[in-house]
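Student: when you get a sec, could you give me coordinates for this:
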Amino acid sequence: MSTKKIPLRQCIGCGEMKSKKEMIRILKTDTGEIMLDATGRKNGRGAYLCPSMDCFKKAVKGKGIERSFKIPVPRDVYEALEKEMEQLGQ
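Tutor: Below is the predicted model:
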């Protein structure tokens, strides 16, 4: 029997490869809206992030989200994502 392949994704903050299930998906919808996708199943372009505030801050500082989606990200979007990350961390 063959073993089931585990999908790996790279964190846009720290750059580590981890299992898709242990990461948080950031989503850019067709309308250009950027939000967290807790289910991991919504339609749109996705970027993955470790569930820690350190990685989120590295992604903001290194503009990882902007590079992944190839668009400039406004400051208020970062603030909204930060609030959602804090809620998931509890």
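
Student: just give the nearest non-adjacent residue to Cys11, would you?
Tutor: Nearest residue to Cys11, sequence neighbours excluded (Cβ to Cβ, 6 or more residues apart in numbering): Cys50, at 4.7 Å. For every residue, glycine as well, the C-beta is placed using N, CA and C.

Student: now Phe69: closest residue in space, sequence neighbours ignored.
Tutor: Per Cβ to Cβ, 6+ apart, closest to Phe69 is Lys28, 4.6 Å.

Student: and the pLDDT for that neighbour?
Tutor: With respect to pLDDT, Lys28 scores 95.

Student: that one: neighbour count?
Tutor: Applying other Cβ atoms under 10 Å, we find 20 other residues in the vicinity of Lys28.

Student: what is the residue lying closest to Leu8 once chain neighbours are set aside paired to in the beta sheet?
Tutor: Leaving aside its chain neighbours, Leu8 sits nearest to Met17 (4.8 Å; criterion: Cβ to Cβ, 6+ apart). In this entry, Met17 is beta-bridged to Gln10, by DSSP bridges.

Student: for the record, mean pLDDT for stretch 32-39?
Tutor: 89.
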